[in-house]
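Visitor: please find the sequence and the predicted model below.
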Amino acid sequence: MRVLLDTVTFIWSVRTPERISRKARAALERQGTVRELSALSLSEIAIKGTKGSLDLCKEDVLLGLADLQVRILPYTAEHAFRLFGLPLHHADPFDRHIIAQALAEDLPVVTSDEAFKLYRGIKVIW
């Protein structure tokens, strides 16, 4: 099974794994699960780090990706086109991109963000 981690889930997995729900942790640890992180989540982490609102450097991210065996899911035009017509249930542009990407790839999203559940077709694991 492939799953898409939202940015916060990845950060928590690296910094404070105890914040991850049991159900989400079980899905992430299940043998055969392919854990993916959007390339845009890397951008979000870098931007927040530069602004000083997140203390997670490039080396921490690289180590987290390796330790958690997370692969990067490239963001494509197909993903961006899914933004057209996407309801405005969520104002955060990075989350909207992750939602569009999950819809295009037909991937469940591992997230604690309740707003994700408002989008038809999204499966949330938490």
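Guide: Looks like it came in fine.
Visitor: could you pull out the strands for this protein?
Guide: For the chain, the strands defined by DSSP state E occupy 2-5, 34-38, 70-73, 109-110, 124-125.
Visitor: run the chain-centre distance for the third one.
Guide: Right, strand 70-73. In terms of CA atoms, centre = their mean, to the nearest Å, the centre of strand 70-73 is found 10 Å from the chain centre.
Visitor: just the helices in this structure please.
Guide: 7-15, 22-29, 39-51, 58-68, 77-81, 93-105 (DSSP state H).
Visitor: outside of the fourth one, which residues touch it?
Guide: Defining contact as CB atoms under 8 Å, 6 or more residues apart in numbering, one finds that helix 58-68 is touched by Phe10, Ser13, Val14, Leu28, Arg35, Leu37, Leu42, Ile45, Ala46, Val70, Arg71, Ile72. The way it works is simple: take the backbone N, C-alpha and C, and place the C-beta from them, glycine included.
Visitor: ok, the shortest one next?
Guide: Residues from elsewhere that reach helix 77-81 (CB under 8 Å, 6+ apart): His97, Ala100, Gln101, Ala104, Glu105.
Visitor: how about a cut-off of 7 Å?
Guide: Ala100, Gln101, Ala104 (CB atoms under 7 Å, 6 or more residues apart in numbering).
Visitor: just the strands of the chain: most buried one?
Guide: Of all the strands of the chain, strand 109-110 has the most neighbours on average by mean count of other CB atoms under 10 Å, namely a mean of 26.
Visitor: and that strand, what does it pack onto?
Guide: Packing partners of strand 109-110 (3 or more CB pairs under 7 Å, 6 or more residues apart in numbering; DSSP states H and E): strand 2-5, helix 22-29.
Visitor: change it to 10 Å
Guide: strand 2-5, helix 7-15, helix 22-29, strand 34-38, helix 93-105, strand 124-125 (3 or more CB pairs under 10 Å, 6 or more residues apart in numbering; DSSP states H and E).
Visitor: adding distance to Glu59 and mean pLDDT, write those out as CSV.
Guide: Putting these into CSV (distance: least, CB to CB, whole Å; pLDDT from 0 to 100) gives the following:
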stretch, distance to Glu59, mean pLDDT
strand 2-5, 19, 98
helix 7-15, 11, 97
helix 22-29, 22, 97
strand 34-38, 16, 98
helix 93-105, 22, 97
strand 124-125, 28, 98
